[in-house]
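Peer 1: curious how this folds, go ahead:
(chains A, B, C and D)
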There are 4 protein chains.
Amino acid sequence: MCRWLAYSGPPLRLKSLLFEPKNSLIRQSLAASRSAVPTNGDGFGLGWYGTEDHPGVFRDTLPAWNDANLWSLSEQIRARLFFAHVRASTGTATSRDNCHPFRHGGLLFMHNGMIGGFPVIRREVEQLIPADIYRDRSGTTDSEAFFLLACGNGLADDVAGALKRTIGQILELMSAAGIDQPFRMTAAIADGAQMHGLRYSSDRRSPTLYYATGGAIEVRERRVEFTPGDDAALVLSEPLDEKQDDWIEIPEDHLLHAVGGRAEVRPFEPD
Amino acid sequence: MCRWLAYSGPPLRLKSLLFEPKNSLIRQSLAASRSAVPTNGDGFGLGWYGTEDHPGVFRDTLPAWNDANLWSLSEQIRARLFFAHVRASTGTATSRDNCHPFRHGGLLFMHNGMIGGFPVIRREVEQLIPADIYRDRSGTTDSEAFFLLACGNGLADDVAGALKRTIGQILELMSAAGIDQPFRMTAAIADGAQMHGLRYSSDRRSPTLYYATGGAIEVRERRVEFTPGDDAALVLSEPLDEKQDDWIEIPEDHLLHAVGGRAEVRPFEPD
Amino acid sequence: MCRWLAYSGPPLRLKSLLFEPKNSLIRQSLAASRSAVPTNGDGFGLGWYGTEDHPGVFRDTLPAWNDANLWSLSEQIRARLFFAHVRASTGTATSRDNCHPFRHGGLLFMHNGMIGGFPVIRREVEQLIPADIYRDRSGTTDSEAFFLLACGNGLADDVAGALKRTIGQILELMSAAGIDQPFRMTAAIADGAQMHGLRYSSDRRSPTLYYATGGAIEVRERRVEFTPGDDAALVLSEPLDEKQDDWIEIPEDHLLHAVGGRAEVRPFEPD
Amino acid sequence: MCRWLAYSGPPLRLKSLLFEPKNSLIRQSLAASRSAVPTNGDGFGLGWYGTEDHPGVFRDTLPAWNDANLWSLSEQIRARLFFAHVRASTGTATSRDNCHPFRHGGLLFMHNGMIGGFPVIRREVEQLIPADIYRDRSGTTDSEAFFLLACGNGLADDVAGALKRTIGQILELMSAAGIDQPFRMTAAIADGAQMHGLRYSSDRRSPTLYYATGGAIEVRERRVEFTPGDDAALVLSEPLDEKQDDWIEIPEDHLLHAVGGRAEVRPFEPD
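Peer 2: Coordinates of the predicted model:
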């Protein structure tokens, strides 16, 4: 059910984290370690902040493990904040518009999890999205719908507040529709200056989520090494190597906020 | 703005009409003769009825003019009723789910034209689609929305009635939203036993639409030849060759109904 | 390293074997049971004989497990002889021309295995292919090169002889180049009237290969059932269900020849 | 038959030249002005030099005129030297490996034209490519074969010399095979520090080729404007706007060499 990673800090070549570590994201696309679904071959995507006022996005439906474009872009692009995602579909079709990350204005969003029974409440969720934002809906995933609804709830100004409100609304719709299946989510949100990582599920069985901070990041002999400092942060579905010290698990029902490498993790509860 | 053709009659190899005539549909994808937009390279699709109770559909985002899969399938598949479409996008993204033909149950639908100002009324149109049918919405085109709404309006039982009702609803939404742009449509609908071809626009400037009937169809020296009889019918955006005799223009505001090669063309007016 | 199946017998809907059994080929694309590489998501392909004098081929680079076109074609196409293949790349790029099955004239070919050190001897292998046949080389795989060379060695007239000669030539090139890696192969060849299945490796460590015969094939409750008789044969990388009785392993260094359901398995030794 | 542009000079956003001018490269993909084939929808590609020791490459088989990835990358990537190409196939299949530009080591190459009768001499051309370079052949185009052969002839050290030798070898093979069709070429070569643009045909009927130089480039109101100076150069298939002053036609049988904006155009004659 998807794997992702988000980085902020000194400009870093995407390849460092996507390809070089022992359990790199690309390795996870073929065989993830800590996921119910080991294979995440239903597409991939990159989002990154450069010199423009909104991020770039590159998405494709092919598996990430053998894509020459992804390799070349990862080699060439350095960014101070970037997202990368490999997808395992939970039902919706494979199309580029259904791949993560999603962008709206200057925001990036990616997701691992599912809105239980989404086909039943899809339209009700979509109806809560403000009209001007709804025009940007170009796919059919629960992830994109969640994101656009959160944008309508002020995600650009107050991430925690918008997420609480959005999840609250969705839980209410699920309850009203008599849906038994859970709501499960790890998600990342960024605006170019900061990033957030959320881990929340209605049944406390979220996908895995970790983070790490340091001064800068280097990859040596397939291990990720952090220099001392607080300029760089990584939020990610699973550790990129086997060293246990660096990777801190984000507990259930918690929201991480990182500016550069200064990260805070706080309890999270939906409205 | 798209080109298409629909055939019903004795089983015919798709290649006969897609590739062999002088102005074949594949030729039209590269350079259509009677279209505002000569290039129709934003994807293509086939729909055909065989031995199953619902039709097969094959769609891709690549141009039709150089696709080995399309060639091979067209050579191998013979069908008594089939649709073929080459797309020129009017704005929505290129994805397989945005290519025609669309299928719902045993129905096939394809379209050339546009719902003016659709982004403004998109959600209102979607809201008119019954919930169980809305779950099948997998793209973002005005074409698919129109089709699913028409299905909700009884397209499987009364094609003319459902089309009148659907267009009436959409014209009303357009008017209420103050949209100046027109509603323009040529469209084909089939259910395996019969097919319909509609030509209607709010400003009487529809894309072109023609039909032809006969006993059977053969293609010789790149010309389409009809034997005498009434078993086979073709409905199509533009003639497949230069012979003027065979191709009958469907007038503005008319709906064709063909069972085998017995075709009737009647005036059409939306509700 | 790829999984495949080949069927000949009474016309059968492809879906029966591709999707319905417990360990269907599509299931194997996501998680094969008896393969060194469980994921076979680097493309897929179908080849089938219908009414034309040469087979149809449909290939794509997307994983087989979530492709709407593959599903629809498998539902609609019935064939008396067909091939299906899901690919795990051994290095060469993912493109449609590098997916199996390959076709030349009326022949189909698919492969699981590898020519050790192929990049070193690639050109030498290609140089052995007759000029007129070499013009059909449209990819870069060792599989396609092997096939075209075998065609040059008379594969259309004497499958066993052509395979022996071709493997002999390749083993010689490998030896001359000082290549340590092995030559490993399971492969299927068909011409519309009969099919062959080969299992041969230079180090007797071939990928798995099985076969089964019967009167006709049905799939009930995800199990493949064979009626008594000798009209239908299946040759395949791994069993489609857990019943042990039906599936007969083809030993190392053996070549199966099936006409309808009459199958012979004979020792095989390259020249 | 393809359109392309090459830029060197102060870092420039690719979008400036790919999308903004009146006759931008993307516009040319849909409707080129000075090309025998107006539609160039058989794929596209970018190559650009950044901070790495070899260039990045991004290629896809979709038409360039409606690709979200191309748009986003063009917005985000600034480069001091870049290539962009939109393809109209001359016969070979559409695959990413058959799209331009091609890369070898630190070199980029793109091409518009054809080697007449290439299928007849394909193998002979390939045989002239040194073994280690031949291993990089991943497609089937005459363009890629030409490029790799030129690399083998010292393209990295002496562009003019390598091109003369390569064309000479090919003309010889064509003559020996009795091929009537011409050899026609416009091509660009870069190594990160300089670029070359060639216009040569055996029958003096080359595709069009132009260049322009200046201090820096800006696009205002869809027109390309050059400030005074000699830091920036553009080599391209056809002008990006209607101003005649800036665009200088490169004559038949001439080779342009540009370092920054200092361009020399010299007669060219193959060996």
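
Peer 1: I'd like the distance between the residue of the stretch 51-200 of chain A found nearest chain B and chain C.
Peer 2: In the stretch 51-200 of chain A, no residue comes nearer to chain B than A:Ser95, which is 4.0 Å away by Cβ to the nearest Cβ. The way it works is simple: take the backbone N, C-alpha and C, and place the C-beta from them, glycine included. According to Cβ to the nearest Cβ, to the nearest Å, A:Ser95 and chain C sit 10 Å apart.

Peer 1: so what's that residue closest to, chain neighbours aside?
Peer 2: Nearest in space to A:Ser95, with sequence neighbours left out and distances taken as Cβ to Cβ, 6 or more residues apart in numbering or on different chains, is B:Ser95 at 4.0 Å.

Peer 1: same question, A:Cys151
Peer 2: Leaving aside its sequence neighbours, A:Cys151 sits nearest to A:His104 (Cβ to Cβ, 6+ apart; 4.9 Å).

Peer 1: my read is that that neighbour contacts A:Tyr134, right?
Peer 2: No - contact criterion Cβ atoms under 8 Å: A:His104 and A:Tyr134 do not qualify, at 11.1 Å.

Peer 1: who in the stretch 51-200 of chain A is up against chain C?
Peer 2: Within reach of chain C by Cβ under 8 Å from any Cβ of the partner chain, the stretch 51-200 of chain A has these residues: A:Thr61, A:Leu62, A:Pro63, A:Asn66, A:Asp67, A:Ala68, A:Ser89, A:Ala93, A:Thr94.

Peer 1: any chance of those in CSV, with neighbour count and distance to B:Glu172 too?
Peer 2: Shown next, in CSV, are these (neighbours: other Cβ atoms under 10 Å in any protein chain shown; distance: Cβ to Cβ, whole Å):
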residue, neighbour count, distance to B:Glu172
A:Thr61, 26, 38
A:Leu62, 21, 43
A:Pro63, 27, 46
A:Asn66, 22, 51
A:Asp67, 20, 47
A:Ala68, 15, 50
A:Ser89, 20, 37
A:Ala93, 20, 31
A:Thr94, 23, 36
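
Peer 1: so which of the residues you listed reach chain D?
Peer 2: Counting by Cβ under 8 Å from any Cβ, A:Ala68 from those sit close to chain D.

Peer 1: returning to what we had before: any idea what the residue nearest to A:Cys151 is bridged to?
Peer 2: Here A:His104 sits in beta bridges with A:Leu107, going by DSSP bridges.

Peer 1: any idea how many residues pack against it?
Peer 2: Other residues near A:His104 come to 18 when the count uses other Cβ atoms under 10 Å in any protein chain shown.

Peer 1: same check, this time on A:Arg262
Peer 2: Neighbours of A:Arg262 (other Cβ under 10 Å): 12.

Peer 1: leaving out chain neighbours, which residue sits closest to A:Val219?
Peer 2: Counting by Cβ to Cβ, 6+ apart, the residue nearest A:Val219 is A:Glu20, at 4.2 Å.

Peer 1: tell me the mean pLDDT over stretch A:223-233?
Peer 2: Averaged over stretch A:223-233, pLDDT sits at 94.

Peer 1: give me the distance from it to the chain's centre.
Peer 2: Distance of stretch A:223-233 from the chain centroid (Cα atoms, centre = their mean, to the nearest Å) equals 20 Å.

Peer 1: let me know the pLDDT of the residue nearest to A:Val219.
Peer 2: Listed pLDDT for A:Glu20 reads 96.

Peer 1: got it, and A:Gly91?
Peer 2: The model reports A:Gly91 with a pLDDT of 68.

Peer 1: what do you get for A:Ala6?
Peer 2: You'll see A:Ala6 listed with a pLDDT of 98.

Peer 1: same question, A:Trp48
Peer 2: Listed pLDDT for A:Trp48 reads 98.

Peer 1: wait, A:Ala160 sits on A:Leu255?
Peer 2: Yes - taking Cβ under 8 Å as the definition, A:Ala160 is a contact partner of A:Leu255 at 5.9 Å.

Peer 1: neighbour count: these two, which is higher?
Peer 2: Set side by side, A:Ala160 and A:Leu255 show more neighbours around A:Leu255, with 22 against 15, by other Cβ under 10 Å.

Peer 1: ok, what's across the strand from that one?
Peer 2: Assessed by DSSP bridges, A:Leu255 has beta-bridge partners A:Leu198, A:Arg266.

Peer 1: for the residue nearest to A:Val219, give its distance to D:Leu5.
Peer 2: To D:Leu5, A:Glu20 is 34 Å away according to Cβ to Cβ, to the nearest Å.

Peer 1: these two: who's more crowded?
Peer 2: Taking other Cβ under 10 Å, A:Glu20 and D:Leu5 do not tie; D:Leu5 has more neighbours (25 against 20).

Peer 1: which residue, other than its chain neighbours, is closest to the more buried one?
Peer 2: Closest residue to D:Leu5 apart from its sequence neighbours, by Cβ to Cβ, 6+ apart: D:Leu236 at 3.8 Å.

Peer 1: pull the number of nearby residues for that neighbour.
Peer 2: For D:Leu236, the count of nearby residues is 27 (other Cβ under 10 Å).

Peer 1: ok, A:Gln244 next?
Peer 2: Residues within reach of A:Gln244, counting by other Cβ under 10 Å, total 8.

Peer 1: got the residues of the stretch 51-200 of chain A near chain D?
Peer 2: A:51-52, A:55-60, A:68-69, A:72-73, A:75-78, A:96.

Peer 1: now with 10 Å?
Peer 2: A:51-52, A:54-60, A:67-79, A:96-97, A:103, A:138 (Cβ under 10 Å from any Cβ of the partner chain).

Peer 1: picking that back up, enumerate every residue touching the residue nearest to A:Val219.
Peer 2: Counting by Cβ atoms under 10 Å, 6 or more residues apart in numbering or on different chains, A:Glu20 makes contact with A:Arg13, A:Ile26, A:Arg27, A:Ser74, A:Glu218, A:Val219, A:Arg220, A:Glu221, A:Arg222, A:Arg223, A:Val224, A:Leu240.

Peer 1: how about the secondary structure of it?
Peer 2: Secondary structure, DSSP: H, G, I helix; E, B strand; the rest coil: A:Glu20 is coil.

Peer 1: distance of it relative to D:Val57?
Peer 2: For A:Glu20, the distance to D:Val57 (Cβ to Cβ) stands at 20 Å.

Peer 1: A:Ser95 too?
Peer 2: For A:Ser95, the distance to D:Val57 equals 24 Å [Cβ to Cβ].

Peer 1: what helix or strand is the residue of the stretch 151-271 of chain A found nearest chain C on?
Peer 2: Relative to chain C, the nearest point of the stretch 151-271 of chain A is A:Glu238 (17.7 Å; Cβ to the nearest Cβ). Here A:Glu238 sits in a region with no helix or strand, counting by DSSP states H and E.

Peer 1: hang on, it packs against A:Trp247?
Peer 2: Yes - between A:Glu238 and A:Trp247 a contact is recorded at 8.4 Å, counting by Cβ atoms under 10 Å.

Peer 1: identify the contacts common to those two.
Peer 2: Common contact partners of A:Glu238 and A:Trp247 (Cβ under 10 Å, 6+ apart): A:Tyr210.

Peer 1: low-confidence ranges in the stretch 51-200 of chain A?
Peer 2: A:90-91 (pLDDT under 70).
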